[in-house]
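>>> Build me a structure from this.
(one chain, ligands or ions: 4)
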Amino acid sequence: MEKCPVCKELKKGKFWCSGCGAVFTCPVPACGAEIRKPQDPSCPRCGLLFADYIQGRKMYRQCPKCRKKQGLSESQCKFCKYWFMCPTCGHKVPSTSMLTCPRCATRLG
Ligand SMILES: [Zn+2]
Ligand SMILES: [Zn+2]
Ligand SMILES: [Zn+2]
Ligand SMILES: [Zn+2]
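Numbers count the residues shown, from 1 in each chain. Ligands and ions are numbered 1, 2, ... in the order given. Okay, here's the model as predicted:
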């Protein structure tokens, strides 16, 4: 264990601090993004909600449009049909107002 830069306790693990819950590296093996703001509630790259993962190893994301929680592996919101990733090329859809994929121009929604 190392010293956590947020709470200064020796509770910093590989991915997060077990003392204050700050996350430093996304624990999803396929992602592994460096979390620049350790108090972020979710991964900026893959969308994982850290609290559910740390408490119960559950991989959930929150839809940026309707705010409902669902499995991280979904590429489209089950509730409002918002695409998290382009169904054709897998590109992350960066905005809730996008109607086409910025990379391959697939129509979304
Ligand atoms: Zn800490
Ligand atoms: Zn991630
Ligand atoms: Zn939604
Ligand atoms: Zn695409």
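>>> Could you use CA atoms for every contact and neighbour count after this?
Noted.
>>> Count the neighbours of residue 107 for me.
Residue 107 has 13 neighbours, counted by other Cα atoms under 10 Å.
>>> what's the domain layout of the protein?
Per automatic domain parsing, the structural domains of the chain span 1-62, 75-109.
>>> Residue 69: which of those is closest?
domain 1-62 (4.5 Å; Cα to Cα).
>>> That closest one vs ligand 2: in contact?
Yes: Domain 1-62 lies within reach of ligand 2 by Cα under 5 Å from the ion, at 26, 31, 43, 46.
>>> What mean pLDDT does that domain get?
Taken as a whole, domain 1-62 has a mean pLDDT of 94.
>>> wait, does that domain contact ligand 1?
Yes: judged by Cα under 5 Å from the ion, domain 1-62 and ligand 1 are in contact via 4, 6, 7, 17, 19, 20.
>>> what's the most distant pair in these?
Longest span within the residues of domain 1-62 next to ligand 1, Cα to Cα: 6 and 19, 9.6 Å.
>>> and residue 55, what helix or strand is that in?
Assigned by DSSP states H and E, residue 55 belongs to helix 50-56.
>>> Put the alpha carbons of that helix into PDB.
What follows is helix 50-56, C-alpha atoms only, in PDB (Å, rounded to 0.1, in the frame of the first residue of the first chain):
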ATOM      1  CA  PHE A  50     -16.600   3.300  -9.500                       C
ATOM      2  CA  ALA A  51     -18.700   3.200  -6.300                       C
ATOM      3  CA  ASP A  52     -20.600   0.100  -7.500                       C
ATOM      4  CA  TYR A  53     -17.400  -1.600  -8.600                       C
ATOM      5  CA  ILE A  54     -15.600  -0.900  -5.400                       C
ATOM      6  CA  GLN A  55     -18.500  -2.000  -3.200                       C
ATOM      7  CA  GLY A  56     -19.800  -5.000  -5.100                       C
END
